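Undergrad: Turn this into a structure:
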Amino acid sequence: MTISLIVELALSGLLLATIGYCAVLERRLSALRKGQDGLRETIGDLNSAIVNAGASMRALKAHAADAAEALDDRLGRARGLIDELAMLTSAGERIADRIDRTATTPRAAANGATPAVLASRLNALRPEALRPEALRNVR
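TA: Residues are numbered from 1 along each chain as shown. As a prediction, the model looks like this:
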């Protein structure tokens, strides 16, 4: 065997080792590309989810603003009604006091109606929500 044959065989062996390493490297690169494609799909799905979440948040914010506006309107009307009911109750109590003071007339006494009886009858005629004790609990 000559030296040139030994060198040629050594170079051939090294060349075969290089080809084998290239094959392994090619398999690894293919796996990396497949993983990259999967990652690309995952990123696309995530981007779609973010866009949908943003649209949902904007819609939720708009609905919350509408609900707050409606609630403010209803609250304003309710406060106005409370004030009106308080005024009516106060006027009714003043009238009841006047009736109570004038109930001692002979006609009322003839009917057996004392001031306490007349006041209790007047209170019984009031709706539950307009009674003084119910209105005190509201405020």
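
Undergrad: by contact count, what packs against the lengthiest helix in the chain?
TA: If you go by DSSP state H, the chain has its longest helix at helix 3-102. Applying 3 or more Cβ pairs under 8 Å, 6 or more residues apart in numbering; DSSP states H and E, we find helix 3-102 packed against helix 115-125, helix 132-138. In this view, the C-beta of every residue, glycine as well, is placed from N, C-alpha and C.

Undergrad: what mean pLDDT would you report for that helix?
TA: Averaged across helix 3-102, the pLDDT comes to 91.

Undergrad: any idea of the angle it forms with helix 115-125?
TA: Per axes from the mean of the first three to the mean of the last three Cα atoms, to 10 degrees, the angle that helix 3-102 makes with helix 115-125 is 140 degrees.

Undergrad: quick one: helix 3-102 to chain centroid distance?
TA: 15 Å (Cα atoms, centre = their mean, to the nearest Å).

Undergrad: how close does residue 8 sit to residue 70?
TA: Residue 8 sits 92 Å away from residue 70, going by Cβ to Cβ, to the nearest Å.

Undergrad: go on, residue 3?
TA: 99 Å.

Undergrad: Could you check which of these two has the larger neighbour count?
TA: A count of neighbours by other Cβ atoms under 10 Å puts residue 70 above the other of residue 3 and residue 70, at 10 against 7.

Undergrad: Now stretch 35-44 - C-alpha only, CSV.
TA: Only the C-alpha atoms of stretch 35-44 are listed here, as CSV (Å, rounded to 0.1, in the frame of the first residue of the first chain):
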residue,chain,number,x,y,z
GLY,A,35,-41.5,23.6,14.9
GLN,A,36,-41.2,27.1,13.4
ASP,A,37,-44.3,26.5,11.2
GLY,A,38,-46.2,25.3,14.3
LEU,A,39,-45.0,28.4,16.2
ARG,A,40,-46.1,30.6,13.3
GLU,A,41,-49.6,29.1,13.5
THR,A,42,-49.7,29.5,17.3
ILE,A,43,-48.7,33.2,17.0
GLY,A,44,-51.4,33.7,14.3
